[in-house]
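S.K.: Output the structure for:
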Amino acid sequence: MSAHFQNSRRNVQSIAKHIKRSQKERTILFSDIVHSTRFWAAQGDIQGRLMVDRHNWLLFPVIKHFKGRVVKTIGDAILAVFKESHHAVQAAIAMQQILKHESETNPAFCLKIRIGIHSGETIVEHHDVFGDVVNIASRIESRCKGREILLSSETRKRLMNQDFFIEKKGGFIPRGKKKAIDIYQCQWQRSPNLIGKLKLHTKMPLIPRQRYEILMYTLAGLGVVFLLINFYLRFLLSEFENISLVMLSPSAILFDYPLLLLLGLVLLGGLGWLIYTILNLKTIPITAFRISKGGFGFLILFMLAYFGLSHVPGRHLRGIQYESKHLLVETLGEKNLIYDRPSLQARLIKTLKAGSLLLLADIKPAGPIVWNKVLIGRETYGWIPRVLPPRLGVPAQRVTLTDKFYFRNRDIYALLLGLAGFAWGFFTFHIRPA
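M.R.: Numbers count the residues shown, from 1 in each chain. From the prediction side, this is the model:
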C-alpha cells in the first residue's frame, strides 16, 4: 500500500510539473450575445442557430486578424486567447465595430455582444486554457451591458501608454473571491476604424468533421484527374508523335523542343504563382468546395459504372465509338530494355518502366522472338521484344502488349454517370455552421 501511495505521489508530482510548464502569460477575451435566449424563444431553433452562425462568421476572422485564437464556443459565447493584451483590446474594439457596421448596412441585423477581458498567468494547452484568469474574464463579461467592453486592472496595466479611451468604471468582488477588483470600460465608439482593411469571412468556420470531408473530397478530385489521364488521356496523347516523345523522354525537350521547354517553364512559374495566391487567399469561394464534392461524386459513380459495365455482357456496350489510328505498345515489366536492333546481344539504348506507351513502327520476327520497332526519339527508333522465350528455370515472359485504344459505349455511359455524380456532389454541398 505504501509503495502504491508513493507511485501515485510521483505521478501527481510529474503531472504538476508538466502543468507548471504550461503556465503562460496570456490575455483572455470572453464575449457573449445579449438577449440571445429571448431570440431563440421568439424566432425558434433554426433562426437561433443561423444567428449564432452569422455571429461566428463575422467575429472569428476579427479575432484571427488581431493574432488571437478562438479556444472554443460555449453556446453563443466565445472564449479567445491572446499573447498580447493590446491585441485583445484591438480585437474587442473591432468586434464591436464590425457588428455596428453590419447593423447599419442591414436594418434587420440586431445582434449585440458584451466583452470582458482579463490578463494573467493561465494554463495553456493545445485545445484549451484553464485557470483563474479564465474565470475572472467570464465574471467581468457578465457585468457588461450590450455593446460594452470591460477589462480588468491587470489588463489595463499591460496596455502601458497605449490609448484605447479607457475609463475606470468601478469594481466588484467576483464570485468565490474575497477581494474586489477594479474594472475599466473601453469607449470603443471613440476609437479609430480598425476594420477598414479587414476583409470579412477571412476564414470559413467549419466543424472538424467537415474539414476532413473536404480533404477527402479534394483527394477524390485528384483521383478523378489521375483516372481520366490513365484510362483515356495518355492513350489519346500517344497518337501524336511529338507529344508521345515528350511523355516518354522529358530530357529530349532540352535539345529537340526548346520552345516547348520555354512554355513549360512559363507554366511552372504560373503554377507557382497560383499556389502562392491560393495560400494567401483571404476568402475561399464556396464554389471551390462544391467542385471538390462534385469530384467525389464523379469518382464514385464513374468507378462503379466503369468496372461494373466491363463485366456486363452485350454487344452494344462493347460497341466502338473511336479507335486510335496507330497501334500502341505498352510495356509490362518493371524494367523494359530497348535495343538498337532486334537482338538480345545488340546495344542497349533505353530502359523503360512498366506502363510506358510507345508508337509501333514495324514488326520483325528474329528467331524465336517477335520484335516491335518503336519510336523513342525524333526520327529515332528502337526494338523491344513482345515475349522473351523460356530459359532454364524461367518461364516465358511477356514484355509488351500491342493494341489500339478503343473508346466504347460503356465508356460513354461511365462518363455520363460520373457527370451525374458530379452534379449531385456540386448541388448537395452545404457548409455546416461552426
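S.K.: Let me see the ranges of the helices in the chain.
M.R.: With DSSP state H as the criterion, the chain has helices at 2-21, 36-43, 45-65, 85-105, 132-142, 153-158, 208-228, 234-237, 241-248, 253-256, 258-279, 286-309, 315-318, 409-428.
S.K.: partners of Lys72 in the sheet?
M.R.: Applying DSSP bridges to Lys72 gives these bridge partners: Leu79.
S.K.: How confident is the prediction for the residue most central in space within the chain, by pLDDT?
M.R.: Compute the mean C-alpha point of the chain, and by C-alpha atoms, centre = their mean the closest residue is Leu215, 5.3 Å away. pLDDT for Leu215: 77.
S.K.: ok, now the one 5 residues further on?
M.R.: Residue-level confidence at Ala220 comes out at 86, pLDDT.
S.K.: how near is it to Phe427?
M.R.: Computed with C-beta to C-beta, to the nearest Å, the distance linking Ala220 and Phe427 is 17 Å. For glycine as for every other residue, the C-beta is placed from the backbone atoms N, C-alpha and C.
S.K.: more neighbours, those two?
M.R.: Ala220 (19 against 12; other C-beta atoms under 10 Å).
S.K.: pLDDT value on the residue nearest to the more buried one when sequence neighbours are not counted, please?
M.R.: Nearest non-adjacent residue to Ala220, counting by C-beta to C-beta, 6 or more residues apart in numbering: Phe296, 4.0 Å away. Per-residue confidence (pLDDT) for Phe296: 91.
S.K.: what about Tyr339, how many neighbours?
M.R.: Residues contacting Tyr339 under the criterion other C-beta under 10 Å number 18.
S.K.: how close does the nearest residue to it once chain neighbours are set aside sit to Pro385?
M.R.: Spatial nearest neighbour of Tyr339, excluding adjacent residues (C-beta to C-beta, 6+ apart): Ala346 at 3.9 Å. Using C-beta to C-beta, we find Ala346 at a distance of 11 Å from Pro385.
S.K.: Comparing the two, which shows the higher neighbour count?
M.R.: Between Ala346 and Pro385, counted using other C-beta under 10 Å, Pro385 has the larger neighbour count: 23 against 14.
S.K.: if I look at Leu309, how far off is Arg408?
M.R.: Distance from Leu309 to Arg408, by C-beta to C-beta: 9 Å.
S.K.: typo on my end, it should be Trp57
M.R.: Relative to Arg408, and taking C-beta to C-beta, Trp57 is found at 49 Å.
S.K.: Show me this structure divided up by domain.
M.R.: What automatic domain parsing lists as the domains of the chain is 22-190, 208-323+409-428, 328-403.
S.K.: From the chain's centre, how far out is the shortest one? Work that out for me.
M.R.: Taking C-alpha atoms, centre = their mean, to the nearest Å, the mean C-alpha location of domain 328-403 is offset from the chain mean by 43 Å.
S.K.: again, but for the first one
M.R.: Here domain 22-190 shows a centroid-to-chain-centroid distance of 30 Å under the convention C-alpha atoms, centre = their mean.
S.K.: I am finished for the moment; much appreciated.
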